[in-house]
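In: turn this into a structure:
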Amino acid sequence: MSSVEAGRLIAVLIGATSLAAYAQSPEDLERCRTIADAAARLACYDAAASATQPKSPVTVPEAARPAGAEGRSAPAAQLDPTGTLEGGQSLIAQRWELEDRYKAGTFRFTFYRPNYILPIVYSSNVNDRPQTPTQPAPVLPGSLDEAEAEFQLSFKMKLWENMFGSLSDLWLGYTQKSSWQVYNEELSRPFRETNYEPELIWSMPTNYEVLGLKGRLLTLGLVHQSNGRGDPLSRSWNRVYAMAALERGPFVLQVKPWYRFSESDSKDDNPDIKDYIGSAEFLAFYKWQEQLITTLRLRTTFKSDPSWGSAQFDVRFPITGDFRGYLQVFSGYGESLIDYNFRKTSIGLGVSMGTWY
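Out: Residues are numbered from 1 along each chain as shown. Below you'll find the model as predicted:
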């Protein structure tokens with residue numbers, strides 16, 4: 001056997017060994033064996049072996065992956081040990097998708113206001129005779145309990161991204177809040193009040209600084225709120241509002257004045273609602289380490305007489321996963337529409353899913 005033939009034989013043996021390692025089918029091996037010319041036979045084995053080589057997965061650098069890749073949205077903003085946000089992330093930009101890395105497209109449900117369940121809410125006072133200047137107090141079959149349950153569902157959905165080629169978006173928001181006299185056997189455990197609040201929101205990013213805060217968002221909204229009940233318990237109002245959102249690291253401040261659309265005297269269930277609930281809302285939000293979140297919401301009439309409104313303080317603390325413990329303290333007017341002109345203080349404890357930011 002010449003050295004050339006010996007070399008060809010060794011190459012054939014190596015090729016056959018490789019084919020066996022990749023578990024080629026018997027038909028492919030038999031086809032190669034029937035070729036008389038050694039060089040052609042070797043080429044057959046090489047081609048068969050190449051067809052079975054495993055392909056290395058193509059990796060995409062993390063920085064090149066678009067937000068929402070693999071069915072996920074952009075990573076949530078995290079705090080470093082100094083209390084600032086990593087990677088220059090913005091709580092406001094993340095929640096309102098103001099930057100490309102946070103864009104999630106249209107017709108996707110996202111959190112708006114907090115979604116929560118409070119199995120127990122205790123109030124200092126109950127409104128057994130709800131009335132307004134145009135609606136007399138009804139005669140109730142029994143007394144309301146000071147303790148009840150409360151839950152809220154709230155979401156928003158983007159209807160139009162980059163309106164007319166601009167950076168602004170159009171959103172649909174919806175919030176529903178219910179108070180349930182679940183412990184009241186005398187009245188057969190009724191739902192005391194449910195408020196429905198759909199709104200249309202136009203949002204656009206901003207970039208300015210004031211008092212050390214960076215203005216990131218401006219929204220204009222049309223909102224309707226009602227309790228869906230008949231007279232004499234019907235309550236409703238329609239508003240247009242502007243909201244500016246500013247931030248500094250984990251701190252967010254929202255300033256939200258509104259204007260109430262007037263109604264005819266015959267249709268206005270609550271003509272003095274602004275004198276109690278107010279004409280503007282200020283919301284301060286702080287995201288602490290380990291997902292501990294505190295929120296203070298103040299509503300004011302901007303008047304000295306009456307100088308009413310309300311204050312609400314929330315604390316959300318980690319439990320597991322997306323669930324957080326939720327403590328809510330409210331004091332003032334307008335805890336719900338039926339109580340818009342009724343002053344009360346309440347405290348509730350339960351669980352929350354999602355948050356303002």
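In: how about the strands in the stretch 51-200 of the chain?
Out: Ranges of strands within the stretch 51-200 of the chain are 109-111, 115-123, 147-160, 169-180, 191-210, based on DSSP state E, counting those that start in this stretch.
In: and this structure, what are its domain boundaries?
Out: According to automatic domain parsing, the chain is divided into the following domains: 3-51, 79-353.
In: buried deepest among these, which one?
Out: Here the criterion is mean neighbour count by mean count of other Cβ atoms under 10 Å, and of the domains of the chain the winner is domain 79-353, at a mean of 16. For the C-beta atoms, the positions are set from N, CA and C on the backbone; glycine is no exception.
In: how far off centre is that domain?
Out: On the basis of Cα atoms, centre = their mean, to the nearest Å, the separation between the geometric centre of domain 79-353 and that of its chain is 14 Å.
In: select, out of the strands of the stretch 51-200 of the chain, the one closest to Ser310.
Out: Closest to Ser310 of the strands of the stretch 51-200 of the chain is strand 115-123 (Cβ to Cβ; 13.3 Å).
In: okay, the angle between the closest one and strand 169-180?
Out: Between the axis of strand 115-123 and that of strand 169-180 there is an angle of 40 degrees, by axes from the mean of the first three to the mean of the last three Cα atoms, to 10 degrees.
In: for the stretch 201-350 of the chain, which spans come out with low pLDDT?
Out: Low-confidence segments of the stretch 201-350 of the chain, defined by pLDDT under 70, are located at 290.
In: same thing but at 80, please
Out: Counting by pLDDT under 80, the low-confidence segments of the stretch 201-350 of the chain come to 289-291, 306, 321-322.
In: can you give me the strands in it?
Out: The residue ranges that make up the strands of the stretch 201-350 of the chain, judged by DSSP E, counting those that start in this stretch, are 213-226, 236-248, 251-260, 280-287, 293-300, 309-320, 323-332, 344-353.
In: between these, which one is nearest to Phe151?
Out: Closest to Phe151 of the strands of the stretch 201-350 of the chain, according to Cβ to Cβ: strand 344-353, at 8.0 Å.
In: could you export that closest one as CSV, CA atoms only?
Out: Written as CSV, here are the backbone C-alpha positions of strand 344-353 (Å, rounded to 0.1, in the frame of the first residue of the first chain):
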residue,chain,number,x,y,z
LYS,A,344,-64.2,60.8,57.7
THR,A,345,-60.9,59.2,58.7
SER,A,346,-60.3,55.6,57.7
ILE,A,347,-57.4,53.1,57.9
GLY,A,348,-57.2,49.9,55.8
LEU,A,349,-54.8,47.0,55.5
GLY,A,350,-54.4,44.5,52.7
VAL,A,351,-52.3,43.6,49.6
SER,A,352,-51.4,45.6,46.5
MET,A,353,-50.4,44.6,43.0
